[in-house]
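A.B. asks: Model the structure of this input:
(chains A, B, C and D)
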There are 2 protein chains.
Amino acid sequence: MAGKKHETAPVRRGRPRAYDAEAALKQATETFWKTGYSGTSLDSIAAATGMNPPSLYAAFGNKHALYLDALARYWEISLTATREALAQDRPLAEALMLAFDAALSIYFSGKGSARGCFVLGTAVVESVEDVAIRTSVARGLRAIDADFEARFRTARERGELKPGADPEALAVLASATMHSIAIRARAGARRAELREVARKAVSAICGCPVEAN
Amino acid sequence: MAGKKHETAPVRRGRPRAYDAEAALKQATETFWKTGYSGTSLDSIAAATGMNPPSLYAAFGNKHALYLDALARYWEISLTATREALAQDRPLAEALMLAFDAALSIYFSGKGSARGCFVLGTAVVESVEDVAIRTSVARGLRAIDADFEARFRTARERGELKPGADPEALAVLASATMHSIAIRARAGARRAELREVARKAVSAICGCPVEAN
DNA sequence: GGATATTTGTATGATACGTTACAAAAATAG
DNA sequence: CTATTTTTGTAACGTATCATACAAATATCC
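C.D. replies: Next up is the predicted model:
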């Protein structure tokens, strides 16, 4: 059982690849991010990655499979960011703000102006007709819910919440705030504005004023 | 100044139109709703409306203008539904639930399965690159915010809120709940599930349990 | 009825789409 | 060096795209 298959260069027989699959996936993601799935042509992906169509197909299968890879990669990055923010050893309100700030950092990571959430900008359109994409979106949303809910349960154990507070209900509000920020970012809202939205939401959720910071 | 121009049939000189522009716009909306803006071809719109390409262009200009009409019409319907729900003479929690239920009625109004929010399913993809669409989305989002905020201000005047409650912050949460429901609907969530989300959000927002009803 | 105005239906243009065929290129194996 | 293997680059295939040209159709005006 020695010698995996998709490892980097054990031995390579023919002409060497001119591309880095991981870098190409990143570039493809950028392209989808701008024009969506249906609105993005393979030509534009080829231009962005510097790869030829045959190489793209050899590396990723086809447009749909390539997009699914990009979507999975985005969820991975995005969910990890949320999870790590919430895992910080901070008071509840601060941890929530860290999570929203992490999302904002992703939404405003484009070179030009804001591009908002990748899922909203590419997956949500297709999700109604495309089962694979819909499944991915649904799974991602559940993960966000679960992460927030876990943090609120911890908060209750730590006495950060009023006795009557319901972690599930608060998680719904926190998820909703995340979704709201994602939508507003796509609509061109500025970062400071979205941070205000997050601040107001957190202060209402936690029942305490949150400093602008 | 007698005799408007776009009125219905003062006199009509040539061959009569075979289509009803309003009905066609509705059909076009249905088509965009399913496959998005970029994913919808004029052929499919022609098929859905029963109109020929030249008639479509004569009636609406081009694909982009047609879509903008559809988007405006959707905002009109959707915002009116929210506004009317919130204007009902009901306790705050009930009024909020009415607003969310009104949205759900739209999201689940398709003949087949759920199709979620039209804006999320068509406009949000294009909004980053298309100024006109982005402007429309931004305006709609602001309208939702304003409607909720107005209702919360009324609630404070009526003494439905705790003295310290901040109408703006609560409006952010209510808007966010609306956005969240819209996203989840696109991801295939069932109606009952979304109503639960709304119920939890409302109970957390109002600080009181909300009956399932 | 004849002239005029407007819409319909079809056919088509020019381009863009996703995908693949195929020869040249560039590596290793012996 | 020759044979073999893999990737590249180009060109192309068939289809779909948005949009329009044009004749036939159908109405009103006089």
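A.B. asks: Counting neighbours, what do you get for residue A:194?
C.D. replies: 23 (other Cβ atoms under 10 Å in any protein chain shown). C-betas here are computed from N, CA, C, even on glycine.
A.B. asks: quick one: it and residue A:181 touch, right?
C.D. replies: Yes. Look at residue A:194 against residue A:181 with Cβ atoms under 8 Å: they come within range, at 5.1 Å.
A.B. asks: Now the common contact residues for the two.
C.D. replies: A:104, A:107 (Cβ atoms under 8 Å, 6 or more residues apart in numbering or on different chains).
A.B. asks: Return the set of buried residues in the helix or strand where residue A:99 lies.
C.D. replies: For residue A:99, the host element (DSSP states H and E) is helix A:92-107. Across helix A:92-107, burial judged by 16 or more other Cβ atoms under 10 Å in any protein chain shown covers A:92-104, A:106-107.
A.B. asks: cool, stretch A:30-49 as well?
C.D. replies: Buried-residue list, stretch A:30-49, by 16+ other Cβ under 10 Å: A:30-40, A:42, A:45-46, A:48-49.
A.B. asks: Then stretch A:55-71?
C.D. replies: A:55, A:56, A:59, A:60, A:63, A:66, A:67, A:68, A:69, A:70, A:71.
A.B. asks: quick one: which of those is nearest DNA strand D?
C.D. replies: When those are ranked by distance to DNA strand D (Cβ to the nearest atom of the strand), residue A:55 comes first, at 3.3 Å.
A.B. asks: For the closest one, report the pLDDT, please.
C.D. replies: The model reports residue A:55 with a pLDDT of 98.
A.B. asks: quick one: low-confidence ranges for chain A?
C.D. replies: A:1-10, A:112 (pLDDT under 70).
A.B. asks: Now residue A:188: closest residue in space that isn't a chain neighbour?
C.D. replies: Spatial nearest neighbour of residue A:188, excluding adjacent residues (Cβ to Cβ, 6 or more residues apart in numbering or on different chains): residue B:134 at 5.1 Å.
A.B. asks: The one you found is in contact with residue B:127, isn't it?
C.D. replies: Yes. Using Cβ under 8 Å, residue B:134 is in contact with residue B:127, at 4.2 Å.
A.B. asks: quick one, which of the two is more surrounded?
C.D. replies: Neighbours were counted for residue B:134 and for residue B:127 using other Cβ under 10 Å; residue B:127 has more, 26 against 18.
A.B. asks: For residue A:95, see how far away that one is.
C.D. replies: Distance from residue B:127 to residue A:95, counting by Cβ to Cβ, to the nearest Å: 30 Å.
A.B. asks: cool, residue A:211 as well?
C.D. replies: Distance from residue A:211 to residue A:95, by Cβ to Cβ: 14 Å.
A.B. asks: before we move on, what about residue A:120?
C.D. replies: 24 Å.
A.B. asks: try residue A:78
C.D. replies: When residue A:78 is compared with residue A:95 (using Cβ to Cβ), they lie 17 Å apart.
A.B. asks: Repeat that for residue A:209.
C.D. replies: 16 Å.
A.B. asks: Next: residue A:37.
C.D. replies: In terms of Cβ to Cβ, residue A:37 sits 33 Å off from residue A:95.
A.B. asks: swap in residue A:19?
C.D. replies: 40 Å.
A.B. asks: got it, and residue A:125?
C.D. replies: 32 Å.
A.B. asks: do the same with residue A:130
C.D. replies: The value you get for residue A:130 to residue A:95, if Cβ to Cβ is used, is 34 Å.
A.B. asks: likewise residue A:49?
C.D. replies: 37 Å.
A.B. asks: for residue A:166, same thing?
C.D. replies: 18 Å.
A.B. asks: Equivalent analysis for residue A:180, please.
C.D. replies: Relative to residue A:95, and taking Cβ to Cβ, residue A:180 is found at 18 Å.
A.B. asks: For DNA strand D, what's its nearest residue on chain A.
C.D. replies: Closest point on chain A to DNA strand D, by Cβ to the nearest atom of the strand, is residue A:14, at 2.1 Å.
A.B. asks: So that residue: helix, strand or coil?
C.D. replies: coil (DSSP: H, G, I helix; E, B strand; the rest coil).
A.B. asks: ok, how many other residues are close to it?
C.D. replies: Residue A:14 has 5 nearby residues by other Cβ under 10 Å.
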